[in-house]
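# Quick one, what's the 3D model for this:
(2 chains)
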There are 2 protein chains.
Amino acid sequence: MTGRLVIAGLGPGAAGMMTAEVRDALDQATDVIGYGPYVARIAPRAGLVLHPSDNRVELDRATRALTLAAQGRRVVVVSSGDPGVFAMASAVFEALERGPADWQGLDLRVLPGITAMLAAAAAAGAPLGHDFCAINLSDNLKPLDLVLERVRLAVQADFAMAFYNPRSASRPHQFGAVLDLLRGICGPDRLITFARAVSTPGQQIRTVALSQATPEMADMRTVVLVGSSRTRRIGRFVYTPRSA
Amino acid sequence: MTGRLVIAGLGPGAAGMMTAEVRDALDQATDVIGYGPYVARIAPRAGLVLHPSDNRVELDRATRALTLAAQGRRVVVVSSGDPGVFAMASAVFEALERGPADWQGLDLRVLPGITAMLAAAAAAGAPLGHDFCAINLSDNLKPLDLVLERVRLAVQADFAMAFYNPRSASRPHQFGAVLDLLRGICGPDRLITFARAVSTPGQQIRTVALSQATPEMADMRTVVLVGSSRTRRIGRFVYTPRSA
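I've put the predicted structure just below:
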């Protein structure tokens, strides 16, 4: 097979946060596949077919990408941020596992991107400057009890934390439950940063004490960063010291 | 003050993994400060002063950068990977906290980069495709007991894990202790990936079962990725499914 599949991270939004190798892969693509708003970030040109799709059809999208690559196309699957962090890379490998054996001979590469939590951390200072974890709060993928248990263990380990997909209209209560848990075990002064639409013109970065945090401060375009016990403010920044 | 300080991530090594905004910041710099091997990645040019320094002098380096920026220079502090992940950003904020109050008026920005664990994950497939944590194994910064306790809690939470700075000549026994702990609580079949010199010509990616992992598989240029209980192989790749 002469086709090629690249799973590429576009970064969080700003063109300046894309890597050169992702730009090159897009320049050489015949087909770009992804969730509509991410595909909309790619400039149309002759010879390039854009395939925008709805949210929550990751496996369909991955299967379509593999099928086109097996037909000899040069396909790029685009994710926002990094494709390996709560994004399309795992979905493509799941589809690869379910598909025909000869798909495993495809030229397949994953190109990393700037993931939302690291762009958010940079905008806020360095709140993930020591040991940290990343948790997807979406309960499409796991039950709330498991989310809460992971958060509890992460606090016990004194990790700083990043929460992806904290809140949506279909599950408005979940993030509130996480905040309640955190207030109970971290106390009122633990710092929490709400980073919305990071690196776009609408970027909003807001750091408050846990006692002042409300579920409404997050939406699905927000990454939430919770400090460790050592995280502190310096001027307009928030950071976690290197030793902890 | 008209000076400016940018703390920039160069990515893990390949020029193609640098972002456009980091490239722009370097093009506009009057001074580049960092650990010698990272500064060596910057092409010399007229009007640019390169300040390479030894390892383990992060606070001195940060203080020097702030001092030069306060004198009106356009300073870029470079880190490999992402400056906010076990790198220079926290050191600069520590120096800022200890320094004169007027330093807080400086134009200071952090520009994210592709951190080693995400480049390693992309090269291996998608082993960090669900909830995960990042732990710095360097015991310059915390006692081994605390490292082991964090690893134990991370396994209990069923996080995939990335270990930075797993091993050096001055502390050869530490990573062995972590491997012993992991074998005891994860069993022999858990997948572990050793990613050395990621994205450089000398890149080596090797995934083995825990039962076959030895401390000698890691050195200070290696990032180690430990799968969750759900992480599995598909062909030459290793990935963690999206739901767990």
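# Wasn't A:Leu68 part of a strand?
No: assigned with DSSP: H, G, I helix; E, B strand; the rest coil, A:Leu68 falls outside any strand and is helix.
# Nearest spatial neighbour of it, chain-adjacent residues omitted?
Leaving aside its sequence neighbours, A:Leu68 sits nearest to A:Val75 (Cβ to Cβ, 6 or more residues apart in numbering or on different chains; 4.9 Å). The way it works is simple: take the backbone N, C-alpha and C, and place the C-beta from them, glycine included.
# residues near the one you found, how many?
A:Val75: 28 surrounding residues under other Cβ atoms under 10 Å in any protein chain shown.
# Likewise for A:Ala91?
A:Ala91 has 26 nearby residues by other Cβ under 10 Å.
# Figure out the helix or strand that it lives in.
helix A:88-98 (DSSP states H and E).
# Just the CA atoms from that helix would do, formatted as PDB, please.
Included here for helix A:88-98 are C-alpha records, laid out as PDB according to Å, rounded to 0.1, in the frame of the first residue of the first chain:
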ATOM      1  CA  MET A  88      -7.900  10.900  18.000                       C
ATOM      2  CA  ALA A  89      -4.700   8.700  18.300                       C
ATOM      3  CA  SER A  90      -6.300   6.100  20.500                       C
ATOM      4  CA  ALA A  91      -9.400   6.000  18.400                       C
ATOM      5  CA  VAL A  92      -7.300   5.300  15.300                       C
ATOM      6  CA  PHE A  93      -5.500   2.400  17.000                       C
ATOM      7  CA  GLU A  94      -8.800   1.000  18.200                       C
ATOM      8  CA  ALA A  95     -10.100   1.100  14.600                       C
ATOM      9  CA  LEU A  96      -6.800  -0.400  13.400                       C
ATOM     10  CA  GLU A  97      -7.300  -3.300  15.800                       C
ATOM     11  CA  ARG A  98     -10.800  -4.000  14.600                       C
END
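# The following helix or strand past it: which residues count as buried?
Scanning forward in sequence from helix A:88-98 by DSSP H and E, the next helix or strand is strand A:107-111. Buried residues in strand A:107-111, counted by 16 or more other Cβ atoms under 10 Å in any protein chain shown: A:Leu108, A:Val110, A:Leu111.
# Check those one by one and keep those near chain B.
Contacts with chain B within these, counted by Cβ under 8 Å from any Cβ of the partner chain: A:Leu108, A:Val110, A:Leu111.
# so which of those comes closest to B:Gln174?
A:Val110 (30.1 Å; Cβ to Cβ).
# surely that closest one meets A:Leu5?
No: with contacts counted by Cβ atoms under 8 Å, A:Val110 stays clear of A:Leu5, the gap being 9.6 Å.
# pLDDT on the host helix or strand of A:Leu59, on average?
Taking DSSP H and E as the criterion, A:Leu59 maps to helix A:58-70. Average pLDDT, helix A:58-70: 96.
# and whichever helix or strand comes after that helix, which strands flank it?
Later in the chain than helix A:58-70, the nearest helix or strand by DSSP H and E is strand A:74-79. Using DSSP bridges, strand A:74-79 pairs in its sheet with strand A:4-9 (parallel), strand A:31-35 (parallel).
# Can you tell me how far A:Asp60 is from chain B?
14 Å (Cβ to the nearest Cβ, to the nearest Å).
# Which residues are in contact with the closest residue to that residue other than its chain neighbours?
Leaving out its chain neighbours, the residue that sits closest to A:Asp60 by Cβ to Cβ, 6+ apart is A:Ser53, at 7.2 Å. A:Ser53 makes contacts with A:Ile33, A:Gly34, A:Tyr35, A:Gly36, A:Val39, A:Asp60, A:Arg61, as judged by Cβ atoms under 8 Å, 6 or more residues apart in numbering or on different chains.
# Surely A:Ala65 touches A:Val32?
No: contact criterion Cβ under 8 Å: A:Ala65 and A:Val32 do not qualify, at 9.6 Å.
# Could you tell me which residues touch both of those two?
Common neighbours of A:Ala65 and A:Val32 (Cβ under 8 Å, 6+ apart) are A:Val75, A:Val77.
# Do me a favour and get the end-to-end distance for stretch A:2-18?
Taking Cα to Cα, to the nearest Å, stretch A:2-18 runs 27 Å from one end to the other.
# now it: mean pLDDT?
Rounded mean pLDDT across stretch A:2-18 is 95.
# Find out how far that stretch is from the centre of the chain, if you would.
Averaged C-alpha coordinates place stretch A:2-18 at 13 Å from its chain's average position (Cα atoms, centre = their mean, to the nearest Å).
# Please apply the same query to stretch A:107-117.
That offset, for stretch A:107-117, works out to 11 Å (Cα atoms, centre = their mean).
# That stretch spans what distance, first to last residue?
29 Å.
# so what strands line up beside the helix or strand containing A:Leu50?
Element membership of A:Leu50, judged by DSSP H and E, is strand A:49-53. Here strand A:49-53 is paired, per DSSP bridges, with strand A:31-35 (parallel).
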